[in-house]
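J.: no FASTA, just this:
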């Protein structure tokens, strides 16, 4: 198809080495990511997390109760976001607690029902049997002068290995990232006053990890529900769960709702964040449409789920993504947030059966960006290679943006081209808007000022 990438006239085959971007996927390095860095950097202010934890007061079935909440740095939100336990906000099915107040060191904030969101499963049936759904948020109008960003988060820490709901023990091949990690739990007890002192902090080992829940040995006291469960990750304070229940037995450990993909998608829906059912287009040609196409079917003997540049006028669009925030550090601005592309599964084509009709799991797969081999592929499990920056998309919504990918200690920019398509390839595209040609011309180049990507 089209012009060859090299001039093979008088080629010395003894010394010739095929560039890695033209290797078959089975010949390439797997590019496994480096081990993630846990712990807090010495440059991180040691007690700044205290400003992100708040005490809550509320009336529940006529009795005054206390709990906790904490700010999280959710990128591009129009509110300051306080996470807490659902049972701090709900007292009976489909009914909020009354007189909810946020107690700070210097003032109190009255919380009205329109400021509250609770997981629907828990809102309908607020029972400890639904403890994994026991979470909610309080949305505060944001002040530019007094904005509170709060704890960082990273979706990677919310994903258990693909082994279902069985707890992950330290002896299994694929270990949960949080298994046996030191976690911190913070909060005020009912007797504590934010004006008189800082929130309490305890630490302990994360002893069991489930898809929706964490269990840990960090000590807690009654009234600390809704406080953050957090770790040091990539040098900063990163929240991983919402503390909501004490230990059922001595060996069980305290429990918290894990901040997994389901929780984050619910929160983003409440906040109106993310882009859903979008195709990724590239403005690299005046005459033809170019977009990222990722095959979603397996053929007998091979699996070809590597990304291609699909060219057409406009060409058949078969690849759609949900694009979500996946990481943010405390204090950092929206432009530094990480985003991930979650592939929407395609339905089998009518009349196809067997292997040709196989589709990816209904839960979807993540787009993995691999600059070391100029490859875009799919991964069932999210890791650091699925995280990108979308430059300009927040500052100028609706305008073209750049996609930046980290490679080691540097950043590369994603680029697409259609230089390998010749006139014979392009001529059929003029006849039918559904006609297309796919080319593998995806590359990663040093950062430029070009912003050529857009969603449709």
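T.: Nice, I can see it. This one's a predicted model, so the numbers in the text were calculated from it and none came from an experiment. Numbers count the residues shown, from 1 in each chain.
J.: only C-alpha atoms for contact and neighbour calcs from this point on.
T.: OK.
J.: what residues are up against residue 309?
T.: By C-alpha atoms under 8 Å, 6 or more residues apart in numbering, the residues touching residue 309 are 290-293, 416-418, 438-442.
J.: what's the next secondary structure element after the helix or strand hosting it?
T.: Assigned by DSSP states H and E, residue 309 falls within strand 308-312. Next helix or strand after strand 308-312 toward the C-terminus (DSSP H and E): strand 321-328.
J.: shaky segments in the chain?
T.: Scanning the chain for pLDDT under 70 picks out 1-34, 144, 162-173, 297-304, 346-364.
J.: What's opposite residue 438 in the beta bridge?
T.: Counting by DSSP bridges, residue 438 is bridged to residue 310.
J.: if I pick it, what's in contact with it?
T.: Taking C-alpha under 8 Å, 6+ apart as the criterion, residue 438 is in contact with 308-311.
J.: can we see that at 10 Å?
T.: Residues in contact with residue 438 (C-alpha atoms under 10 Å, 6 or more residues apart in numbering) are 1, 290-293, 307-312, 315, 418, 421, 425.
J.: And the strands in the stretch 101-250 of the chain, which stretches?
T.: Listed from the start of the chain, the stretch 101-250 of the chain has strands (DSSP state E, counting those that start in this stretch) covering 108-111, 116-118, 136-141, 153-154, 182-187, 200-209, 213-216, 228-233, 236-245.
J.: Which residue ranges of the stretch 251-400 of the chain form strands?
T.: 254-258, 275-278, 280-282, 289-293, 308-312, 321-328, 338-343, 366-370, 375-379, 389-391.
J.: Pick the most buried one from these.
T.: Neighbour counts (mean count of other C-alpha atoms under 10 Å) averaged over each of the strands of the stretch 251-400 of the chain peak at strand 254-258, with a mean of 27.
J.: Paired strands for that one, with orientation please.
T.: The pairing partners recorded for strand 254-258 under DSSP bridges are strand 213-216 (antiparallel), strand 236-245 (antiparallel).
J.: can I get those strands in TSV with distance to residue 380 and mean neighbour count?
T.: Shown next, in TSV, are the strands paired with strand 254-258 (distance: least, C-alpha to C-alpha, whole Å; neighbours: other C-alpha atoms under 10 Å):
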stretch	distance to residue 380	mean neighbour count
strand 213-216	21	26
strand 236-245	21	28
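J.: need the ones you listed in JSON lines with distance to residue 379, can you?
T.: Listed next are those as JSON lines, based on distance: least, C-alpha to C-alpha, whole Å:
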{"stretch": "strand 213-216", "distance to residue 379": "24"}
{"stretch": "strand 236-245", "distance to residue 379": "22"}
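J.: And the ones you listed: which comes nearest residue 114?
T.: strand 236-245 (21.7 Å; C-alpha to C-alpha).
J.: returning to what we had before: tell me which of the strands paired with strand 254-258 sits nearest to residue 126.
T.: Of all the strands paired with strand 254-258, it is strand 236-245 that lies closest to residue 126, at 12.5 Å by C-alpha to C-alpha.
J.: rewinding a little: please tabulate the strands of the stretch 251-400 of the chain in JSON lines, including the columns distance to residue 178.
T.: Compiled in JSON lines, those are given as follows (distance: least, C-alpha to C-alpha, whole Å):
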{"stretch": "strand 254-258", "distance to residue 178": "11"}
{"stretch": "strand 275-278", "distance to residue 178": "29"}
{"stretch": "strand 280-282", "distance to residue 178": "33"}
{"stretch": "strand 289-293", "distance to residue 178": "34"}
{"stretch": "strand 308-312", "distance to residue 178": "35"}
{"stretch": "strand 321-328", "distance to residue 178": "16"}
{"stretch": "strand 338-343", "distance to residue 178": "20"}
{"stretch": "strand 366-370", "distance to residue 178": "21"}
{"stretch": "strand 375-379", "distance to residue 178": "20"}
{"stretch": "strand 389-391", "distance to residue 178": "25"}
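J.: now the helices for this structure?
T.: Assigned by DSSP state H, the chain shows helices spanning 120-124, 261-271, 423-426.
J.: in the shortest one, what counts as buried?
T.: Going back to what we said before, that points to helix 423-426. residue 426 (16 or more other C-alpha atoms under 10 Å).
J.: Which strands or helices does that helix pack on?
T.: For helix 423-426, the packing partners by 3 or more C-alpha pairs under 10 Å, 6 or more residues apart in numbering; DSSP states H and E come out as strand 308-312, strand 436-439.
J.: returning to what we had before: can you say which of the strands paired with strand 254-258 is nearest to residue 37?
T.: In terms of C-alpha to C-alpha, the element of the strands paired with strand 254-258 nearest to residue 37 is strand 236-245, at 10.2 Å.
J.: The closest one versus strand 228-233: what angle between them?
T.: With axes from the mean of the first three to the mean of the last three C-alpha atoms, to 10 degrees as the basis, strand 236-245 and strand 228-233 are set at 150 degrees to each other.
J.: Among the strands of the stretch 251-400 of the chain, which comes closest to residue 175?
T.: strand 254-258 (16.3 Å).
J.: just how off-centre is the closest one within its chain?
T.: Centroid separation for strand 254-258 versus its chain: 19 Å, with C-alpha atoms, centre = their mean, to the nearest Å.
J.: Could you tell me how many residues sit around residue 260?
T.: The local packing of residue 260 (other C-alpha atoms under 10 Å) involves 20 other residues.
J.: In stretch 327-334, which residues are buried?
T.: Buried positions in stretch 327-334, judged by neighbour count with 16+ other C-alpha under 10 Å: 327-330, 334.
J.: Now distance to residue 118 too, for those residues, in JSON lines please.
T.: Converted to JSON lines, these look like this (distance: C-alpha to C-alpha, whole Å):
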{"residue": "327", "distance to residue 118": "22"}
{"residue": "328", "distance to residue 118": "23"}
{"residue": "329", "distance to residue 118": "24"}
{"residue": "330", "distance to residue 118": "24"}
{"residue": "334", "distance to residue 118": "25"}
